[in-house]
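> Mind looking at a prediction? Sequence and model below.
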Amino acid sequence: MDMSQYLEIFIDETKEHLQGLNQALLSLEQNSQDKSVLNEIFRVAHTLKGMSGTMGFTKMAKLTHVMENVLHSLRNNEIKMNSDLIDLLFKCLDALENYTESIVNTSGEGQNDNSDIIQMLNSALEKNTESDDNKKSESLNKKHDKKETSKYATANFKLNQFEQNAANKAIEMDMNVFKITVILNKSCVLKSARSFIIFQTLERHGEIIKSEPRVEDIEDEKFEFEFTVVCITRQEADIFTREINQIAEVEKVIIENFEDIVEFQETKMEDSSLSGEAVIASVEDLQKENEDNQDQIQKQKTKTGKTVRVDIDRLDVLMNLVSELIIIKTRLEGLGDIDTSQTYNEAIEYLERITTNLHDAVMKVRMVPVELVFNRFPRMIRDVAKEIGKEIQLTMTGTETELDRTVIDEIGDPLIHLIRNSADHGIESKDKRIQLGKPNVGHIHLRAYQDGNNVVIEVEDDGQGINIEKVKKKAIERGVVKKDLINTLSQKDIIDFLFKPSFSTSDKITDLSGRGVGLDVVKTKIEQLGGMVEVETEALKGSKFIIRLPLTLAIIQALLVVIGDEKYAIPLSSTKEIIKITPDQIKLVQKQEVFLLRNTVVPIVRLNEILGVSVDDKDKKQLTVVIVRKGEKISGFLVDSLIGQREIVIKSLGKLLSGIKFMAGATILGDGNVALILDVNSLAV
Amino acid sequence: MEERIEVESRQFVVFKLGKEDYGLDIKKVTTIEKMLAVTRVPNTPNYIKGVINLRGDIVPVMDIRTKFGFDTVEETEETRIIILKLNEISFGIIVDEVDEVLNLTEESIENVANFSNDLSLDYILGVGKIEDRIVTLLNLEKFTDIEYDGM
């Protein structure tokens, strides 16, 4: 069977499950007694086993299978949870992630069969069960290997007291209680839909009092190919066998009478104060109840059916079309000068509203919560902290903040760098922290929030802060700055050195950071995304790295300016204000032209000189200056005149010109001509 | 050059620079456009004329005359931009005139080594002869390596 069409779904879902596994393992580490977490992990392992088995990834299936055995024993208290075991489970997770990575890249799971991990898992299983009944685990293994028999039914099928009561009462009243195990065909794609039909069939004849896995899980397809239900009914077993077998894609139905088990548990039941009568009554009143149940199931169905996985490329196409529409809209606005009848203007305004809404809608579709990136950090911090022997706690806030998908994909690595930096350089060793009277546990706070048209991500630690003197020393050593000039620099300027290539203040090189390839890469990456990085630091109190990212990368508001006879666009997000000055306001300080703006010295950038446009502004009495922001610094761009504010679509200049300086891209103006977008970050002084 | 052995006859788009005929492998040519408004891009080599809006896409164009060190000429009605795609990179070249598409057989294509021309051999694939005409066949793969000022 050709599986390639399912590969993408498989990859997406596996990633989701692994993410869930990661989180569950982390919380298991915090509270190793939490049964619900253990159940969650078990379920993920089980699902992954099923999925990988179906896709023919046998190595992955084998690993998850052994994992599942261990988890199962854990769940049944046959073996004890300890930190080694958690580490082992994390190793499994890593191995599974590697498999997935390999599947993403090569469509195959690779050669590594992770036999060492499997061996460790098996030995963990043996070691701990030795004292226990050996046969038990053996038989358990057998059950897992045999595909035909039901895993859920035999391994972990227990009724709670209420269900026991109901079952018992039913038997007293001469009704039948069946344990029905349905095994679906392996090629069944819509398992949940199929199961839904089976449930409906069953509910026509009786009441389901127990389902394993739970109904919700079945609806979410969180089961392999089989499930077991306990059903109270007045009908005979063969009716069920016949009806269920008529449903397509059902491979096998096993119907057992439940009496034995119930009798076995009878003593317990008698003490119970819970009455089974109510349930029986409801069996009598079957019709009504069924309708309610089905309504409920139906409701849940529609809820889960509301999302669609879409290839990002398709969204890009949609985005491009919206961009085109905006260009045309701008063009139509321009034509309005010729024919300014009222109806025309009204139509244009309406069009404007629609395109803006459309743009917003498309943008929203592309937005994903930063959680997607943040999720991997708790695990990372756990590993890093273990590795360097520090105690670090990571808190994350604002994980629901949304960013454009393309930004999300790129932001991971820079954040990893920053967080590792904080853990390695920022947070002090435990002894030192005690000495300083700080809490033993170092704290890193990862915070995301929206600020106007930007999304801000902050990485804050309560460590030692950046050692300014050390940076100064290093800067002089590296020849970045002359010794006699260093004291004229502000703290900000000095911290900026950290973002220079090959600049690391760490005395020793560790695996984590300190190779001096970190912060400059972070900066470059974030600037590529149209964002910027700032640092705030206080000695002994800690430091904070602040990343600002634009919400969207494709369509922005820009200021159109004229330089010579050429038009350029300056992103409005980086412009602060526009002022007019007279030529004599420009002063020369250290060979740099500056002027005073409300007592702030603003360096002047003559765009015409940098861009090689000849402009004759000698006799100009007034100069137009666009004040732009670069981080917290401002510069004044000298332009000839202003055209105004426009919504522009950023287009790449193409691969041929990708290495070009000072340009952030190009845009198509309403008249069809191309205007270049200035890269404020590289132009500003 | 290896490609030449594989196919017997190849088609070339023939264009003019001054009086000389040049040919480009038709497989590399995306479209041929009439002259469009070109926006200059600062800090690029002088033969990069700028960028054009090709139906919504931004495409860089080169002045092939400047690149080859020929005199520049005024734009005429016949001036064309040939849009090429080489190594997944799209760009246009401005030529004086586009004439026709020629079929050249392997026999009529002569190796460059036998022929001297003031063009750098980097850009010449060979020389095609058809009847009494001579067409210089260009190989523009190297056009996509650009060195920027100060980069």
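Now that the structure is in, tell me what you want to look at.
> Following element in sequence after the worst-scoring helix or strand of chain B on mean pLDDT, please.
When the helices and strands of chain B are compared on mean pLDDT, DSSP states H and E, helix B:2-6 comes out lowest with a mean of 49. Toward the C-terminus, helix B:2-6 is succeeded by strand B:9-17 as the next helix or strand (DSSP states H and E).
> which other helices and strands contact the longest helix along chain A?
Assignment by DSSP state H gives helix A:4-30 as the longest helix of chain A. Based on contacts counted as 3 or more C-beta pairs under 8 Å, 6 or more residues apart in numbering or on different chains; DSSP states H and E, the elements that helix A:4-30 packs against are helix A:35-55, helix A:83-106, helix A:377-388. Quick note: C-beta positions are derived from backbone N, CA and C, even for glycine.
> The second one to helix A:4-30, inter-axis angle?
Just to be clear, that refers to helix A:83-106. Orientation check (axes from the mean of the first three to the mean of the last three C-alpha atoms, to 10 degrees): helix A:83-106 against helix A:4-30 gives 160 degrees.
> Then the last one?
Angle, helix A:377-388 to helix A:4-30, by the same axes, to 10 degrees: 60 degrees.
> for the record, mean pLDDT for helix A:377-388?
Helix A:377-388 shows a mean pLDDT of 85 in the predicted model.
> Distance from it to the middle of the chain?
Shown here is helix A:377-388, whose average C-alpha point lies 18 Å from the average C-alpha point of the whole chain (C-alpha atoms, centre = their mean, to the nearest Å).
> Check which residues of that helix are buried.
Buried residues in helix A:377-388, counting neighbours by 16 or more other C-beta atoms under 10 Å in any protein chain shown, are found at A:377-379, A:381-382, A:384-385, A:388.
> Pick the one among the residues you listed closest to chain B.
Chain B has its nearest neighbour among those in A:Phe377, at 35.9 Å by C-beta to the nearest C-beta.
> Quick one: the buried residues of helix A:377-388 as CSV, columns for distance to chain B too.
Putting the buried residues of helix A:377-388 into CSV (distance: C-beta to the nearest C-beta, whole Å) gives the following:
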residue, distance to chain B
A:Phe377, 36
A:Pro378, 40
A:Arg379, 38
A:Ile381, 39
A:Arg382, 42
A:Val384, 37
A:Ala385, 42
A:Ile388, 39
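> Show me which of those is closest to A:Ile604.
The shortest separation between A:Ile604 and any of those is 43.0 Å, and it belongs to A:Phe377 (by C-beta to C-beta).
> my read: the closest one touches A:Ile457, true?
No: here A:Phe377 lies out of contact with A:Ile457, judged by C-beta atoms under 8 Å, at a distance of 11.4 Å.
> Give the intersection of the neighbour lists for these two.
By C-beta atoms under 8 Å, 6 or more residues apart in numbering or on different chains, A:Phe377 and A:Ile457 have these common neighbours: A:415, A:446.
> related to what we said a few turns ago, report the buried residues of the longest helix of chain A.
Neighbour-count burial for helix A:4-30, with 16+ other C-beta under 10 Å as criterion, is recorded at A:10-11, A:13-14, A:17-29.
> And for stretch A:440-449?
Residues A:442-448 are the ones in stretch A:440-449 that count as buried (16+ other C-beta under 10 Å).
> Name the surrounding residues that touch that stretch.
With contact meaning C-beta under 8 Å, 6+ apart, stretch A:440-449 is reached by A:370, A:374, A:377, A:381, A:390-399, A:401, A:415, A:419, A:422-423, A:426-428, A:430, A:433-434, A:455-463.
> where along chain B do the strands fall?
In chain order, chain B shows strands spanning B:9-17, B:20-25, B:29-34, B:48-54, B:57-63, B:80-86, B:89-95, B:97-105, B:109-110, B:124-130, B:133-138, with DSSP state E as the criterion.
> Of these, which is nearest A:Gly531?
Shortest separation from A:Gly531 across the strands of chain B is recorded for strand B:57-63, at 22.9 Å, computed as C-beta to C-beta.
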